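Colleague: what shape does this take:
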Amino acid sequence: MMLELRREFDATPVALFDAWLIREQWAAWIGPEGIDCEVAVLEPTVGGRYEITMRLANGQVMPVSGVFKTIDRPNRLVFSWGWNGDPARQSLITLEFNARGARTELVLRQEGLGTIANRDDHGKGWHSALNKLQRHLASIGRP
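Modeller: Here you go, the predicted structure:
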């Protein structure tokens, strides 16, 4: 099962791309609204790892981790995404950053989601996180 989202941002491809690979920036917006996330590990190289700890309002902790497969700044970023300890919830995310004049279109594809419910849940989470990303980019004044 695959999820595909497209959204335009008021940012250059470089600024949008960097928001995914600079620890302070990623930590400022990753995860759905209302969820506190810590980027514990970020090794932004091909083969490098990342680890994110998501803390839900109900106290539940969801550790997410993966490995960077492709880093082609500022065009394309590919990495695995998985819930630690749950082999059924492992997927692959491909991001494309397409210049659209002064804006950038982000295309997010997540493959390997298994079920329609899992795809839909991830879609809701990513829409919410991308709302936070939009606000983050505006707050740092990146063109």
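
Colleague: buried ones in the helix or strand containing residue 81?
Modeller: Using DSSP states H and E, residue 81 sits within strand 76-83. Counting neighbours by 16 or more other C-beta atoms under 10 Å, one finds that the buried residues in strand 76-83 are 77-82. Any C-beta I mention is one placed from the backbone N, CA and C, and that applies to glycine too.

Colleague: and the angle for the longest helix belonging to the chain with strand 76-83?
Modeller: For the chain, the helix with the greatest residue count under DSSP state H is helix 116-140. Angle, helix 116-140 to strand 76-83, by axes from the mean of the first three to the mean of the last three C-alpha atoms, to 10 degrees: 120 degrees.

Colleague: what sits up against helix 116-140?
Modeller: With C-beta atoms under 8 Å, 6 or more residues apart in numbering as the test, helix 116-140 has contacts from 1-3, 5, 7, 9-11, 15-16, 19, 25, 28-33, 89, 91, 106, 108, 110, 113.

Colleague: now which of those residues would you call buried?
Modeller: Burial by neighbour count, 16+ other C-beta under 10 Å: within the contacts of helix 116-140 this picks out 3, 9, 11, 15-16, 19, 25, 28-32, 89, 91, 106, 108, 110, 113.

Colleague: note down every partner strand of the helix or strand where residue 94 lies and its orientation.
Modeller: Secondary structure assigned from DSSP H and E places residue 94 in strand 90-100. Sheet pairing of strand 90-100 (DSSP bridges) gives strand 76-83 (antiparallel), strand 103-111 (antiparallel).

Colleague: distance to residue 131 and mean pLDDT added to these, as CSV?
Modeller: CSV is the format used below for the strands paired with strand 90-100 (distance: least, C-beta to C-beta, whole Å; pLDDT from 0 to 100):
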stretch, distance to residue 131, mean pLDDT
strand 76-83, 19, 95
strand 103-111, 12, 98
